[in-house]
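**Student:** Got a predicted structure here, sequence first:
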Amino acid sequence: MYKRVLLKLSGEALSSKDHAFDPQVLRKLAQEIKEVHDTGVELAIVVGGGNFIRGKVCEEMGLERTQADNMGMLATVINALAVQNALEQIGVPTRVQTAISMNKVAEPYILRKCLRHLEKGRVVIFGAGTGNPYFSTDTTAALRASEIKADVILMAKNGVDGVYSADPKIVSDAVKYEKLTYLELINKNLHVMDVTATSMCMDNNVDLIVFNMNKEGNILKAVKGEVDGTTISK
Ligand code: UDP
(Lines give C-alpha, C1' and ligand atoms only; values in the text may rest on other atoms or scores of the structure.)
Protein backbone atom coordinates (compact mmCIF):
# COMPACT_ATOMS: atom_id res chain seq x y z
CA MET A 1 0.00 0.00 0.00
CA TYR A 2 1.26 3.46 -0.90
CA LYS A 3 1.90 6.00 1.89
CA ARG A 4 1.54 9.27 0.01
CA VAL A 5 -0.41 9.53 -3.22
CA LEU A 6 -1.40 12.24 -5.62
CA LEU A 7 -4.82 11.77 -7.20
CA LYS A 8 -5.38 13.54 -10.52
CA LEU A 9 -9.02 14.26 -11.22
CA SER A 10 -9.98 15.83 -14.51
CA GLY A 11 -12.74 18.41 -14.48
CA GLU A 12 -14.93 15.88 -16.26
CA ALA A 13 -14.72 13.62 -13.22
CA LEU A 14 -17.00 16.10 -11.44
CA SER A 15 -19.48 16.50 -14.24
CA SER A 16 -22.48 14.64 -15.59
CA LYS A 17 -24.23 14.71 -18.94
CA ASP A 18 -26.27 17.78 -18.06
CA HIS A 19 -24.14 19.64 -15.54
CA ALA A 20 -20.59 21.07 -15.63
CA PHE A 21 -20.34 19.95 -12.07
CA ASP A 22 -22.88 17.73 -10.52
CA PRO A 23 -23.32 17.64 -6.70
CA GLN A 24 -24.47 14.04 -6.89
CA VAL A 25 -21.32 12.97 -8.75
CA LEU A 26 -19.26 14.95 -6.25
CA ARG A 27 -20.92 13.27 -3.27
CA LYS A 28 -20.15 9.82 -4.68
CA LEU A 29 -16.58 10.79 -5.44
CA ALA A 30 -16.11 12.30 -1.99
CA GLN A 31 -17.30 9.07 -0.40
CA GLU A 32 -14.68 7.11 -2.33
CA ILE A 33 -11.99 9.60 -1.35
CA LYS A 34 -13.10 9.31 2.29
CA GLU A 35 -12.55 5.54 2.15
CA VAL A 36 -9.00 6.22 0.99
CA HIS A 37 -8.47 8.87 3.67
CA ASP A 38 -9.78 6.50 6.37
CA THR A 39 -6.91 4.09 5.65
CA GLY A 40 -4.46 6.75 6.85
CA VAL A 41 -2.80 7.27 3.48
CA GLU A 42 -1.59 10.82 2.82
CA LEU A 43 -3.62 12.19 -0.03
CA ALA A 44 -3.15 15.21 -2.29
CA ILE A 45 -5.46 15.99 -5.19
CA VAL A 46 -4.90 17.95 -8.40
CA VAL A 47 -8.15 18.95 -10.10
CA GLY A 48 -8.51 19.95 -13.71
CA GLY A 49 -10.91 22.47 -15.16
CA GLY A 50 -11.84 20.96 -18.50
CA ASN A 51 -15.52 20.72 -17.50
CA PHE A 52 -15.58 24.53 -17.76
CA ILE A 53 -12.71 25.82 -19.86
CA ARG A 54 -9.69 24.52 -21.73
CA GLY A 55 -7.24 27.22 -22.82
CA LYS A 56 -6.34 25.57 -26.10
CA VAL A 57 -9.96 25.15 -27.15
CA CYS A 58 -10.68 28.80 -26.32
CA GLU A 59 -7.65 29.82 -28.38
CA GLU A 60 -9.11 28.00 -31.37
CA MET A 61 -12.28 30.03 -30.80
CA GLY A 62 -10.28 33.26 -31.06
CA LEU A 63 -9.33 34.07 -27.47
CA GLU A 64 -5.82 35.10 -26.61
CA ARG A 65 -4.04 32.04 -25.20
CA THR A 66 -2.63 33.45 -21.96
CA GLN A 67 -5.97 34.96 -21.07
CA ALA A 68 -7.75 31.72 -21.92
CA ASP A 69 -5.32 29.73 -19.78
CA ASN A 70 -5.85 32.10 -16.88
CA MET A 71 -9.56 31.45 -17.25
CA GLY A 72 -8.84 27.71 -17.29
CA MET A 73 -6.81 27.95 -14.11
CA LEU A 74 -9.63 29.82 -12.39
CA ALA A 75 -11.96 27.02 -13.47
CA THR A 76 -9.75 24.54 -11.60
CA VAL A 77 -10.17 26.66 -8.46
CA ILE A 78 -13.97 26.40 -8.77
CA ASN A 79 -13.55 22.63 -8.96
CA ALA A 80 -11.09 22.55 -6.06
CA LEU A 81 -13.62 24.39 -3.87
CA ALA A 82 -16.37 22.02 -4.98
CA VAL A 83 -14.28 18.97 -4.06
CA GLN A 84 -13.34 20.58 -0.74
CA ASN A 85 -16.97 21.24 0.06
CA ALA A 86 -18.04 17.70 -0.77
CA LEU A 87 -15.26 16.24 1.39
CA GLU A 88 -15.82 18.51 4.37
CA GLN A 89 -19.54 17.75 4.33
CA ILE A 90 -18.68 14.15 5.18
CA GLY A 91 -16.06 15.02 7.77
CA VAL A 92 -12.83 14.78 5.79
CA PRO A 93 -10.41 17.56 6.80
CA THR A 94 -9.05 19.42 3.78
CA ARG A 95 -7.07 22.44 2.64
CA VAL A 96 -7.17 24.05 -0.78
CA GLN A 97 -3.86 25.54 -1.90
CA THR A 98 -3.76 27.62 -5.05
CA ALA A 99 -0.84 28.42 -7.34
CA ILE A 100 -2.35 31.86 -7.96
CA SER A 101 -2.85 33.70 -4.69
CA MET A 102 -6.44 34.37 -3.73
CA ASN A 103 -6.26 34.64 0.03
CA LYS A 104 -9.97 35.09 0.63
CA VAL A 105 -10.88 31.67 -0.79
CA ALA A 106 -7.82 29.48 -0.25
CA GLU A 107 -4.25 29.26 1.00
CA PRO A 108 -1.43 29.99 -1.38
CA TYR A 109 0.60 26.96 -2.40
CA ILE A 110 3.51 26.62 0.03
CA LEU A 111 5.30 23.28 -0.06
CA ARG A 112 6.26 23.16 3.60
CA LYS A 113 2.72 24.02 4.70
CA CYS A 114 1.37 21.44 2.33
CA LEU A 115 3.62 18.73 3.79
CA ARG A 116 2.48 19.66 7.30
CA HIS A 117 -1.17 19.34 6.25
CA LEU A 118 -0.51 15.92 4.75
CA GLU A 119 1.29 14.75 7.90
CA LYS A 120 -1.69 15.92 9.94
CA GLY A 121 -4.05 13.86 7.84
CA ARG A 122 -5.59 16.69 5.83
CA VAL A 123 -6.37 16.15 2.19
CA VAL A 124 -4.63 18.89 0.22
CA ILE A 125 -6.39 19.99 -2.96
CA PHE A 126 -4.30 21.94 -5.43
CA GLY A 127 -6.08 24.61 -7.47
CA ALA A 128 -4.99 26.94 -10.28
CA GLY A 129 -2.68 24.39 -11.88
CA THR A 130 0.97 25.43 -11.93
CA GLY A 131 -0.05 29.09 -11.96
CA ASN A 132 1.39 29.44 -15.47
CA PRO A 133 -0.29 29.50 -18.86
CA TYR A 134 0.63 26.92 -21.51
CA PHE A 135 0.66 24.12 -18.95
CA SER A 136 -1.93 21.52 -18.06
CA THR A 137 -3.16 20.07 -14.82
CA ASP A 138 -1.47 16.79 -15.83
CA THR A 139 1.82 18.68 -15.71
CA THR A 140 0.68 20.16 -12.41
CA ALA A 141 0.18 16.61 -11.11
CA ALA A 142 3.70 15.65 -12.26
CA LEU A 143 5.16 18.79 -10.68
CA ARG A 144 3.36 18.57 -7.34
CA ALA A 145 3.94 14.80 -7.08
CA SER A 146 7.67 15.48 -7.52
CA GLU A 147 7.63 18.29 -4.97
CA ILE A 148 5.75 16.40 -2.25
CA LYS A 149 7.61 13.18 -3.13
CA ALA A 150 4.44 11.20 -3.68
CA ASP A 151 4.87 7.46 -4.18
CA VAL A 152 2.60 7.51 -7.20
CA ILE A 153 0.20 9.56 -9.30
CA LEU A 154 -3.22 7.97 -9.58
CA MET A 155 -4.69 9.15 -12.85
CA ALA A 156 -8.42 8.59 -12.57
CA LYS A 157 -10.03 8.29 -16.01
CA ASN A 158 -13.67 8.47 -16.94
CA GLY A 159 -14.79 5.10 -18.27
CA VAL A 160 -11.37 3.92 -19.52
CA ASP A 161 -9.62 1.26 -17.46
CA GLY A 162 -6.06 1.82 -18.62
CA VAL A 163 -3.87 2.54 -21.60
CA TYR A 164 -4.73 0.82 -24.89
CA SER A 165 -2.85 0.46 -28.18
CA ALA A 166 -5.76 2.33 -29.82
CA ASP A 167 -9.07 3.79 -28.69
CA PRO A 168 -11.02 0.71 -27.50
CA LYS A 169 -14.31 2.48 -28.28
CA ILE A 170 -13.31 2.64 -31.96
CA VAL A 171 -10.85 -0.23 -32.52
CA SER A 172 -12.36 -3.52 -31.35
CA ASP A 173 -9.05 -5.42 -31.10
CA ALA A 174 -7.19 -2.68 -29.24
CA VAL A 175 -4.80 -4.19 -26.69
CA LYS A 176 -4.62 -2.99 -23.11
CA TYR A 177 -1.16 -2.54 -21.61
CA GLU A 178 -0.56 -3.66 -18.04
CA LYS A 179 2.81 -1.94 -17.77
CA LEU A 180 4.57 0.68 -19.83
CA THR A 181 7.64 2.86 -19.58
CA TYR A 182 7.42 6.60 -20.21
CA LEU A 183 9.63 6.18 -23.26
CA GLU A 184 7.20 3.61 -24.70
CA LEU A 185 4.36 6.02 -24.04
CA ILE A 186 6.12 8.71 -26.07
CA ASN A 187 7.40 6.39 -28.84
CA LYS A 188 4.04 4.69 -29.32
CA ASN A 189 2.36 8.10 -29.30
CA LEU A 190 -0.16 6.98 -26.68
CA HIS A 191 -2.31 9.83 -25.45
CA VAL A 192 -2.38 9.46 -21.69
CA MET A 193 -1.19 12.95 -20.90
CA ASP A 194 0.73 15.69 -22.68
CA VAL A 195 4.43 15.31 -23.44
CA THR A 196 5.46 17.97 -20.90
CA ALA A 197 3.77 16.00 -18.11
CA THR A 198 5.17 12.71 -19.41
CA SER A 199 8.76 13.94 -19.55
CA MET A 200 8.42 15.52 -16.12
CA CYS A 201 7.30 12.19 -14.64
CA MET A 202 10.10 10.39 -16.48
CA ASP A 203 12.81 12.82 -15.39
CA ASN A 204 11.72 12.72 -11.77
CA ASN A 205 11.02 9.00 -11.62
CA VAL A 206 7.37 9.36 -10.63
CA ASP A 207 5.19 6.28 -11.19
CA LEU A 208 1.71 6.64 -12.63
CA ILE A 209 -1.33 4.38 -12.53
CA VAL A 210 -4.09 4.94 -15.07
CA PHE A 211 -7.40 3.42 -14.01
CA ASN A 212 -11.15 3.71 -14.38
CA MET A 213 -12.65 5.84 -11.64
CA ASN A 214 -16.22 4.96 -12.62
CA LYS A 215 -15.90 1.50 -11.09
CA GLU A 216 -16.86 1.69 -7.43
CA GLY A 217 -13.98 1.18 -5.02
CA ASN A 218 -11.32 1.63 -7.67
CA ILE A 219 -9.61 4.63 -6.07
CA LEU A 220 -9.04 2.62 -2.90
CA LYS A 221 -7.87 -0.35 -4.95
CA ALA A 222 -5.42 1.92 -6.77
CA VAL A 223 -4.02 3.14 -3.45
CA LYS A 224 -3.51 -0.48 -2.43
CA GLY A 225 -1.81 -1.20 -5.74
CA GLU A 226 -4.56 -3.68 -6.62
CA VAL A 227 -6.45 -1.88 -9.34
CA ASP A 228 -6.91 -3.31 -12.82
CA GLY A 229 -5.26 -0.52 -14.81
CA THR A 230 -1.97 0.39 -16.46
CA THR A 231 1.18 1.20 -14.50
CA ILE A 232 3.68 3.53 -16.14
CA SER A 233 7.17 3.99 -14.78
CA LYS A 234 10.63 5.06 -15.85
N1 UDP B 1 -4.09 25.57 -17.12
C2 UDP B 1 -3.00 26.40 -17.27
N3 UDP B 1 -1.87 26.13 -16.54
C4 UDP B 1 -1.77 25.09 -15.69
C5 UDP B 1 -2.89 24.23 -15.56
C6 UDP B 1 -4.04 24.51 -16.28
O7 UDP B 1 -3.02 27.35 -18.02
O8 UDP B 1 -0.73 24.91 -15.05
C9 UDP B 1 -5.35 25.91 -17.83
C10 UDP B 1 -5.36 25.42 -19.28
O11 UDP B 1 -6.02 26.35 -20.06
C12 UDP B 1 -6.17 24.14 -19.18
C13 UDP B 1 -7.21 24.53 -18.13
O14 UDP B 1 -6.46 25.31 -17.20
O15 UDP B 1 -6.77 23.79 -20.39
C16 UDP B 1 -7.88 23.37 -17.43
O17 UDP B 1 -6.95 22.39 -17.10
P18 UDP B 1 -6.90 20.97 -17.84
O19 UDP B 1 -7.22 21.15 -19.29
O20 UDP B 1 -5.59 20.34 -17.52
O21 UDP B 1 -8.10 20.23 -17.10
P22 UDP B 1 -8.63 18.72 -17.23
O23 UDP B 1 -8.50 18.33 -18.67
O24 UDP B 1 -7.77 17.87 -16.36
O25 UDP B 1 -10.04 18.79 -16.75
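**Tutor:** Looks like it arrived, so ask away.
**Student:** And the residue sitting furthest away from the middle of the chain, what's its pLDDT?
**Tutor:** Most distant residue from the mean C-alpha position of the chain: D173, 28.5 Å away (Cα atoms, centre = their mean). Looking at D173, its pLDDT is 92.
**Student:** Can you pull the phi/psi pair for it?
**Tutor:** The phi/psi pair for D173 (degrees, to the nearest 10) reads phi -100, psi 30.
**Student:** What separation do you get for it and L180?
**Tutor:** 19 Å (Cβ to Cβ, to the nearest Å). Yep, even glycine has a C-beta here, placed from its N, CA and C like the rest.
**Student:** Same question for G159.
**Tutor:** 20 Å.
**Student:** More neighbours: these two, which one.
**Tutor:** The residue with more neighbours, out of G159 and L180, is L180; 19 against 11, by other Cβ atoms under 10 Å.
**Student:** since we're on the residue nearest to that one when sequence neighbours are not counted, how many residues are nearby?
**Tutor:** What sits nearest to L180 in space, not counting adjacent residues and going by Cβ to Cβ, 6 or more residues apart in numbering, is I232, at 4.8 Å. Residues contacting I232 under the criterion other Cβ under 10 Å number 27.
**Student:** wouldn't I232 be in contact with M193 here?
**Tutor:** No - here I232 does not reach M193: they are 9.5 Å apart, not a contact under Cβ atoms under 8 Å.
**Student:** who touches both of those two?
**Tutor:** Shared contacts of I232 and M193 (Cβ atoms under 8 Å, 6 or more residues apart in numbering): none.
**Student:** Please confirm that L154 is located within a helix.
**Tutor:** No - L154 is assigned strand when assessed by DSSP: H, G, I helix; E, B strand; the rest coil, not a helix.
**Student:** OK, contacts around it?
**Tutor:** Counted by Cβ under 8 Å, 6+ apart, L154 has contacts 5-8, 209, 211, 219, 222-223.
**Student:** who in this protein is up against the ligand?
**Tutor:** In this structure, the chain approaches the ligand at residues 10-12, 48-50, 54-56, 68-69, 72-73, 75-76, 129-130, 132-133, 135-138, 140, judged by Cβ under 6 Å from any ligand atom.
**Student:** Can you flag the buried ones in these?
**Tutor:** Buried residues within the residues of the chain next to the ligand, counting neighbours by 16 or more other Cβ atoms under 10 Å: 10-12, 48-50, 54-55, 68-69, 72-73, 75-76, 129-130, 133, 135-138, 140.
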